[in-house]
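**Q** Sequence first, then the predicted structure:
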Amino acid sequence: MSEKQATPLISQLLATWIEGEASQAYTITNYANAAAILFQNMRALNWVGFYLFDEVNNVMSLGPFLGKPAVALIAPNAGVVGSAFSSQQTIVVDDVNQFSGHIVCDADSNSEIVVPITTADGRQIGVLDIDSPELNRFSRQDQADLEDFVATLLPYISA
């Protein structure tokens, strides 16, 4: 198996799109296209977006997303977003109603995955947040693919 085949298809699509756009210097554009690629190419999603860390104010602020309007500011350690950011670990929640402190943006959301975005030198940038109306929507394979997706996106947002 070649290295290209080992890369998840969603990451290949992202890399091809961003490289094709020559948009390396346009961070917000790349976040927006990344959210759209996920929203259109993964099944059963109702919200995909980014929360970006504002270290001056010590808060996660809403970045590019697709879905219903969402909470604009989330404190580190608050909800699934803040917990994943603070722990620097991907969090998969099979049933958001069972997650103590879950922040409700869309009452139709039933499961969630949040992947931290961190540079190789440890600078915390934010998180990728994805919600689904289905319970138990996100598998271990989804987690691995989305972690690879974030790694593929990183060079285009951390310049």
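**A** That came through, no problem.
**Q** Spell out, range by range, the strands that occur in the chain.
**A** 47-54, 59-67, 73-74, 91-93, 111-118, 124-132 (DSSP state E).
**Q** next one: phi and psi at residue 68?
**A** phi -70, psi 160 (degrees, to the nearest 10).
**Q** Of all the strands of the chain, which one comes closest to residue 148?
**A** Of all these, strand 111-118 sits nearest to residue 148, with 9.9 Å by CB to CB. In short, each C-beta sits where N, CA and C put it, glycine included.
**Q** Give me the sheet partners of that closest one and which way each runs.
**A** strand 91-93 (antiparallel), strand 124-132 (antiparallel) (DSSP bridges).
**Q** any chance of these in TSV, plus distance to residue 76, mean neighbour count and mean pLDDT?
**A** What follows is the strands paired with strand 111-118, written out as TSV (distance: least, CB to CB, whole Å; neighbours: other CB atoms under 10 Å; pLDDT from 0 to 100):
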stretch	distance to residue 76	mean neighbour count	mean pLDDT
strand 91-93	13	21	97
strand 124-132	9	25	97
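**Q** What's the separation between the residue positioned nearest the centre of the chain and residue 100?
**A** Geometric centre of the chain, nearest residue: residue 128, 1.4 Å, by CA atoms, centre = their mean. For residue 128, the distance to residue 100 equals 22 Å [CB to CB, to the nearest Å].
**Q** Kindly report the same for residue 135.
**A** Using CB to CB, which is the criterion applied here, residue 135 is 17 Å from residue 100.
**Q** next one: residue 81
**A** Where residue 100 is concerned, residue 81 sits at a distance of 14 Å (CB to CB).
**Q** Quick check: which of the strands paired with strand 111-118 is nearest to residue 33?
**A** Using CB to CB, those put strand 124-132 closest to residue 33, at 13.1 Å.
**Q** So what angle separates the directions of the closest one and strand 59-67?
**A** For strand 124-132 against strand 59-67, the angle by axes from the mean of the first three to the mean of the last three CA atoms, to 10 degrees is 40 degrees.
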